[in-house]
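J.: Here's my sequence, what's the structure:
(chains A and B)
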2 protein chains.
Amino acid sequence: MDVPRLRSLDDLHVGDAYELGRLSLSLDEVVGFARRFDPQPFHLDEEAAQDSIFGTVVVPGLHTLSACFGMLMGGPLLRDISLAGSAMEIRWPAPLRPGEEVNVRVEVVEVKRSRARKDRGSARLRYVATRVEDGVIVLDAVGLHHLRR
Amino acid sequence: MDVPRLRSLDDLHVGDAYELGRLSLSLDEVVGFARRFDPQPFHLDEEAAQDSIFGTVVVPGLHTLSACFGMLMGGPLLRDISLAGSAMEIRWPAPLRPGEEVNVRVEVVEVKRSRARKDRGSARLRYVATRVEDGVIVLDAVGLHHLRR
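T.: This next block holds a predicted model:
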């Protein structure tokens, strides 16, 4: 099913879920992100990564998160209704390696209408990235979105 | 005080705090990050941002977070002891604009030794970014770090 373009916070219902599609991050992209935002040896260099607990290069957690978030915010779902975001809780239950494909899914966890401002409200959305090859969850995050009604 | 280079999880004590220094993000950097990871109009274009609740371009929350995290992980503090990270909780209490300087500070919130593995443990570290001009907190995050002993 195509991801719809919502017209209002009221179009979101707890339990709704949307499949955003697949993504993978190349080693070049990973190294580029890591140099600026997480320059640890196991994000930068295959040889150095051999001495890490991962044994190979792994994607920085903030890169996985940012890429999945980019899929959501670059897509149609919230394009007309997103006002801001103000909080997030994230778990990275397993490492992701460059080139590995994940499925990205968004679920509606909570919807709240503002009492003070009838034209807006907030929603907690869960973003889950699941590795295609083995079904392992590599990102499980909940973001607080402020949205138009 | 210079940021020290820790030798073990045991060098971290609840309540310890480290000033990592200042940073600011240019409009070019912000637009570059936003294009890939948060392409909303109020991160990309001054004119479009006038219609947003912010009125001007603001830095994507994940960009502020990633830049502050990069300061921590690129510095000496955890260089010899960082094994991995697995969770984070973030609040963005106020918007940050391109070019605005922030002070970045790290505080030790919790330290846990592993029972199963004597050579490691975990620590919760709080990262706080405070705008220099007015003292307003623009990022308040707690990350779970797995560290060597």
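
J.: Show me what from chain A comes close to chain B.
T.: Residues of chain A found near chain B (Cβ under 8 Å from any Cβ of the partner chain) are A:36-40, A:52-54, A:61-62, A:65-67, A:69-70, A:73-74, A:82-93, A:95. Every C-beta, even on glycine, is put in place using the N, C-alpha and C of the backbone.

J.: Filter the residues you listed down to just the buried residues.
T.: Buried members of these, counted by 16 or more other Cβ atoms under 10 Å in any protein chain shown: A:37-40, A:52, A:61-62, A:65-67, A:69-70, A:73-74, A:82-92, A:95.

J.: okay, and for chain A, where does confidence drop off?
T.: Along chain A, segments meeting pLDDT under 70 span A:1.

J.: ok, now with 50
T.: Scanning chain A for pLDDT under 50 picks out no residues.

J.: Report the separation between the residue positioned nearest the centre of chain A and A:E133.
T.: The geometric centre of chain A, computed from its C-alpha atoms, lies nearest to A:C68 (Cα atoms, centre = their mean), at 3.2 Å. Shown here: A:C68 relative to A:E133, a distance of 17 Å by Cβ to Cβ, to the nearest Å.

J.: same thing with A:D16?
T.: Distance check for A:D16 against A:E133: by Cβ to Cβ, it reads 27 Å.

J.: The host helix or strand of A:F69 to helix B:61-74, inter-axis angle?
T.: Element membership for A:F69, per DSSP states H and E: helix A:61-74. Here the directions of helix A:61-74 and helix B:61-74 differ by 170 degrees (axes from the mean of the first three to the mean of the last three Cα atoms, to 10 degrees).

J.: What is the subsequent helix or strand relative to helix A:61-74?
T.: On the C-terminal side of helix A:61-74, the closest following helix or strand by DSSP H and E is strand A:82-91.

J.: partners of that following strand in the sheet?
T.: If you go by DSSP bridges, strand A:82-91 pairs up with strand A:137-148 (antiparallel), strand B:82-91 (antiparallel).

J.: got the contact list for the last one?
T.: Residues lying outside strand B:82-91 but in contact with it, judged by Cβ atoms under 8 Å, 6 or more residues apart in numbering or on different chains, are A:40, A:52-54, A:61, A:86-93, A:95, B:61, B:65, B:73, B:120, B:139-148.

J.: Now find how far off-centre it is within its chain.
T.: Centroid separation for strand B:82-91 versus its chain: 10 Å, with Cα atoms, centre = their mean, to the nearest Å.
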